[in-house]
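S.K.: Below is the structure, and that's it, no one-letter string:
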Ligand SMILES: NC(=O)c1ccc[n+]([C@@H]2O[C@H](COP(=O)([O-])OP(=O)(O)OC[C@H]3O[C@@H](n4cnc5c(N)ncnc54)[C@H](O)[C@@H]3O)[C@@H](O)[C@H]2O)c1
């Protein structure tokens, strides 16, 4: 399997390291505007590859070197203002990057699954679909996967049960309007008590946790890299795992033409199913409000995507 990581900043470089350690590809290509930096990471990872069991070829290069990738991960981004950490503020700058990079990447790897990590990830996933002819089931954003994992970890600690045994999703925007689908949370077949006040507190903590890491160290990399690696692994082995990813919604909860995280099934062909769990009326209302928020951002960047540079 050939994986290309576009952008070798904190997230891209960490994901490249996890890809090598976990043997998630036979071939890994790194692309960065600073070619020397990408070459340095590739060389360092070649040395790493000689220490792991699974052989993997690591190189750096241009978009042409990414040709016929099975997975392309997009992580390039304008920087977030440390004084005002707000993912939505990256929308205009990153829309320019999506417009500049995605068409050529898609042309080079028309059969790849494209994983968008760049924030605001729901808006950028939608943007990627606007500037390419990629099928909707092969473009998805690493949206609330980390949020959901964090939410489950908090519940796990409270309940004294392994997080793998807890099913719980954060849905909607990877950001302030995200929705904790507490009505869907269960363990061992038992629903988590709706009146479980701590679950609401955990949901609030989850919403803020990514930004909190950013405030403390200036970027986030480990959790998102591991989450993205899980998605790559599901594609590599056609695992058909269910996970919350940001995908284009059309007619979902009455929402059209917006990318938001919902539980999906993912495998080698990309998204094979969009699951439709039964949410409470309050959760549906919150999910629709999240869609409205993201739609506003989409509208703001539309003129940038339509710019004549395309
Ligand atoms: N989806 C998620 O859960 C999640 C989690 C963490 C971070 N993120 C997002 O991932 C993105 C990357 O984060 P990071 O910490 O790696 O950022 P970073 O600043 O460390 O890296 C950004 C990369 O983009 C490249 N870049 C910047 N401007 C460019 C330009 N004009 N042309 C080409 N390349 C350019 C840089 O060279 C660098 O490789 C950000 O948008 C961040 O918000 C998403």
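M.R.: Sure, I can see it. All values reported here derive from a predicted model rather than from experimental measurement.
S.K.: what's the following helix or strand after the helix or strand residue 207 falls within?
M.R.: With the criterion set as DSSP states H and E, the secondary-structure element containing residue 207 is helix 197-217. Secondary structure here is assigned by DSSP H and E; on that basis, the next helix or strand after helix 197-217 toward the C-terminus is helix 222-236.
S.K.: now that next one: how far from the chain's centre is it?
M.R.: Between the mean C-alpha point of helix 222-236 and the mean C-alpha point of its chain there is a distance of 9 Å (Cα atoms, centre = their mean, to the nearest Å).
S.K.: again with stretch 19-34
M.R.: On the basis of Cα atoms, centre = their mean, stretch 19-34 is displaced by 17 Å from the centre of the chain it belongs to.
S.K.: Likewise for stretch 138-148?
M.R.: Between the mean C-alpha point of stretch 138-148 and the mean C-alpha point of its chain there is a distance of 4 Å (Cα atoms, centre = their mean).
S.K.: now do stretch 87-104
M.R.: 15 Å.
S.K.: buried sites along that stretch?
M.R.: Using 16 or more other Cβ atoms under 10 Å as the burial criterion, the residues of stretch 87-104 that qualify are 87-88, 90-91, 94-99, 101-103. (Each C-beta comes from the backbone N, C-alpha and C, glycine too.)
S.K.: just stretch 40-60 next, same as before
M.R.: Under the neighbour-count rule (16+ other Cβ under 10 Å), stretch 40-60 has 40-42, 45, 49, 56, 58, 60 buried.
S.K.: Report the central residue of this protein.
M.R.: residue 142 (1.0 Å; Cα atoms, centre = their mean).
S.K.: was I right about it contacting residue 244?
M.R.: No: with contact taken as Cβ atoms under 8 Å, residue 142 and residue 244 are classed as non-touching, separated by 9.7 Å.
S.K.: in the chain, what residue is nearest the ligand?
M.R.: Here the chain gets closest to the ligand at one residue, residue 9, 1.8 Å apart by Cβ to the nearest ligand atom.
S.K.: ok, that residue - contacts?
M.R.: Residues in contact with residue 9, defined by Cβ atoms under 8 Å, 6 or more residues apart in numbering, are 75-77, 219.
S.K.: and with 7 Å instead?
M.R.: With Cβ atoms under 7 Å, 6 or more residues apart in numbering as the criterion, the residues that contact residue 9 are residue 75.
S.K.: do the same with residue 169
M.R.: Counting by Cβ under 7 Å, 6+ apart, residue 169 touches 148, 181, 184, 244, 263.
S.K.: Which helix or which strand is home to residue 5?
M.R.: Secondary structure assignment for residue 5, by DSSP H and E: strand 2-6.
S.K.: So which elements touch that strand?
M.R.: helix 10-21, strand 27-31, strand 71-74 (3 or more Cβ pairs under 7 Å, 6 or more residues apart in numbering; DSSP states H and E).
S.K.: Deepest in the core, which of those is it.
M.R.: strand 71-74 (a mean of 28; mean count of other Cβ atoms under 10 Å).
S.K.: Can you give the strand pairings for it, parallel or anti for each?
M.R.: strand 2-6 (parallel), strand 113-116 (parallel) (DSSP bridges).
S.K.: Columns mean neighbour count, mean pLDDT and distance to the ligand on top of those strands, output as a markdown table?
M.R.: Listed next are the strands paired with strand 71-74 as a markdown table, based on neighbours: other Cβ atoms under 10 Å; pLDDT from 0 to 100; distance: least, Cβ to the nearest ligand atom, whole Å:
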| stretch | mean neighbour count | mean pLDDT | distance to the ligand |
| --- | --- | --- | --- |
| strand 2-6 | 26 | 98 | 8 |
| strand 113-116 | 28 | 98 | 8 |
